[in-house]
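>>> just coords:
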C-alpha cells in the first residue's frame with residue numbers, strides 16, 4: 001500500500017436520460033421564489049476543488065474548466081496512478097465518474113466501501129465529508145464539483161424544498177445511465193474548450209441538479225411533486241432579451257445577464273423562456289448565431305474566420321463543426337452553393 005497523502009486542509013473541518021431532466025427544467029416550477037442568490041465567481045468552485053483534489057502527485061490533470069466562465073461548477077478530467085490519499089473536507093458536492101474500469105476503496109465519514117468499478121460508475125460525496133480513497137489501478141476519471149447553493153436554488157424553484165429539508169445521500173459505484181450520460185455531455189463540452197459553452201453548461205448543470213434531487217436525496221423528491229409552470233416571459237421581457245442577444249451575439253453570453261434583464265432567477269428565466277419560445281436559451285442563441293452566419297456567408301464579404309468571430313464562435317474550427325452538424329454543409333460549401 002502506498003503512503004497516505006494528506007491535504008493541507010485535513011485538520012480544518014471548516015474548510016433520466018438527459019431528456020428526463022430536460023422535461024422538468026423545460027416545464028416545471030415551484031411555489032414561490034427564493035431570495036436572489038449571487039452566483040459563484042466563475043472560478044470560485046474551481047479554487048476550492050483544486051485545493052482538495054490535487055494533493056497527490058499520482059493525480060495528474062488532463063484538462064479542466066478553469067477560464068471557461070462556468071459558474072457554480074468545476075469539471076476536470078484527470079489521469080490517476082494507483083494511490084491511497086486522504087482528502088480535505090470540501091464545501092461543495094463532489095461527483096466522480098471513472099472513464100476506464102478500476103478497483104476502488106473509499107472511506108467516507110468513517111464508512112468503508114470497496115469494489116471493482118466499471119467505466120461510467122457514479123460516486124457522490126456531499127459537502128463537509130471526509131474522504132479517503134485507495135485506487136488500485138491506473139484510471140482516467142472525470143471529477144465534477146457543484147456549488148450547493150445551485151442545488152438549493154433548483155430544489156426551491158422546482159419543489160419548494162432546500163437541502164436542509166432533503167440533503168443528498170452519499171453514493172458509491174452506482175450504475176446510473178441517465179446521470180452518466182449527463183456527465184458525458186459535460187466531458188465533451190469540457191473537451192471542446194471554447195468560451196461559448198457558458199449557456200450550455202448552465203443548462204447541463206441544472207439538469208444534473210434535477211437528477212441528483214430526484215434520485216439521491218435522503219428523502220427523494222417525487223416527480224409528482226413538480227408543478228407545471230404555464231407562465232412565460234412578458235412581451236417586454238422577450239423584447240429586452242432579443243435586443244440584448246442581437247447586440248451581444250459575438251460575445252460569450254451568460255444566462256445570469258439574461259435573467260437579470262428580466263428580474264427573475266436563472267432557473268425561472270430558463271423555464272419561462274422555454275414556455276415563451278419553445279426552446280432553451282442555449283438552443284435559441286445557437287439558432288440566432290447560425291442564421292446570422294448564413295446571412296454573412298451569402299453576402300460573401302467576410303472570410304470564414306471573420307464570420308465565426310462575428311457570430312460568437314470561439315474560432316473557425318468550432319464554427320465549422322457546429323455549422324456542419326446543424327446544416328449538413330461546411331461553411332464554404334454553403335457559400336458556394338448559393
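Received it, and whenever you're ready, just let me know what you need. Remember, it's a predicted structure, so these values are computed and weren't measured experimentally.

>>> And the strands in the stretch 51-200 of the chain, which stretches?
59-64, 73-80, 83-86, 93-98, 102-108, 111-117, 122-125, 131-135, 139-146, 171-174 (DSSP state E, counting those that start in this stretch).

>>> Residues touching the fourth one, excluding its own?
Contacts of strand 93-98 with the rest of the structure, by Cβ atoms under 8 Å, 6 or more residues apart in numbering, involve 49, 52, 104, 117-127, 129, 131, 139-148, 151, 168, 180, 183, 208, 212. Any C-beta I mention is one placed from the backbone N, CA and C, and that applies to glycine too.

>>> Mark which of the residues you listed are buried, thanks.
Buried residues within these, counting neighbours by 16 or more other Cβ atoms under 10 Å: 49, 52, 104, 117, 120-127, 131, 139, 141-148, 151, 168, 180, 183, 208, 212.

>>> Find the residue ranges of the stretch 51-200 of the chain scoring beneath the pLDDT cut-off.
Across the stretch 51-200 of the chain, the ranges flagged by pLDDT under 70 are 157-165, 194-197.

>>> repeat that with 90
Within the stretch 51-200 of the chain, the segments meeting pLDDT under 90 span 66-72, 88-91, 110, 128, 148-169, 189-200.

>>> so residue 169 touches residue 217, yeah?
Yes: using Cβ atoms under 8 Å, residue 169 is in contact with residue 217, at 7.2 Å.

>>> quick one: which of the two has more around it?
Counted by other Cβ atoms under 10 Å, residue 169 and residue 217 do not tie: residue 217 has more neighbours, with 19 against 13.

>>> Name the nearest residue to that one, ignoring sequence neighbours.
Spatial nearest neighbour of residue 217, excluding adjacent residues (Cβ to Cβ, 6 or more residues apart in numbering): residue 166 at 4.1 Å.

>>> burial of the one you found, as a residue count?
Counted with other Cβ under 10 Å, the neighbours of residue 166 add up to 18.

>>> For residue 215, see how far away residue 204 is.
From residue 204 across to residue 215, the span is 16 Å (Cβ to Cβ, to the nearest Å).

>>> now residue 184
Relative to residue 215, residue 184 is positioned 17 Å away (Cβ to Cβ).

>>> Who has more neighbours out of the two?
residue 215 (18 against 15).

>>> Can you spell out which helices and strands pack onto the one helix or strand the more buried one maps to?
Element membership for residue 215 (DSSP states H and E) is helix 198-216. With contacts taken as 3 or more Cβ pairs under 8 Å, 6 or more residues apart in numbering; DSSP states H and E, helix 198-216 sits against helix 17-27, strand 139-146, helix 148-159, helix 177-192, helix 255-262, helix 266-277, helix 281-299.

>>> what inclination does the fourth one have with respect to strand 93-98?
Yep, that's helix 177-192 we're talking about. Helix 177-192 and strand 93-98 are oriented at 90 degrees to each other (axes from the mean of the first three to the mean of the last three Cα atoms, to 10 degrees).

>>> mind giving me the domain split of this structure?
Domains of the chain are assigned by automatic domain parsing as 5-224, 225-336.

>>> which of those domains sits most buried?
domain 5-224 (a mean of 18; mean count of other Cβ atoms under 10 Å).

>>> about what we covered before: shouldn't the residue nearest to residue 217 be in contact with residue 219?
Yes: in this structure residue 166 lies within contact range of residue 219 using Cβ under 8 Å: 5.0 Å.

>>> Find the nearest non-adjacent residue to residue 125, please.
Nearest residue to residue 125 in three dimensions, chain neighbours excluded: residue 94, at 4.4 Å (Cβ to Cβ, 6+ apart).

>>> Would you quantify the distance from that neighbour to residue 106?
Taken as Cβ to Cβ, the spacing of residue 94 relative to residue 106 amounts to 11 Å.

>>> Overlap in contacts, these two.
Common contacts of residue 94 and residue 106, defined by Cβ under 8 Å, 6+ apart, comprise residue 131.

>>> Which strands or helices does the helix or strand where residue 47 lies pack on?
When elements are assigned from DSSP H and E, residue 47 belongs to helix 44-53. Where contact means 3+ Cβ pairs under 8 Å, 6+ apart, helix 44-53 is packed against strand 73-80, strand 139-146.

>>> now for the ones you listed, which one comes closest to residue 275?
Residue 275 lies closest to strand 73-80 among the helices and strands packed on helix 44-53, at 25.1 Å (Cβ to Cβ).
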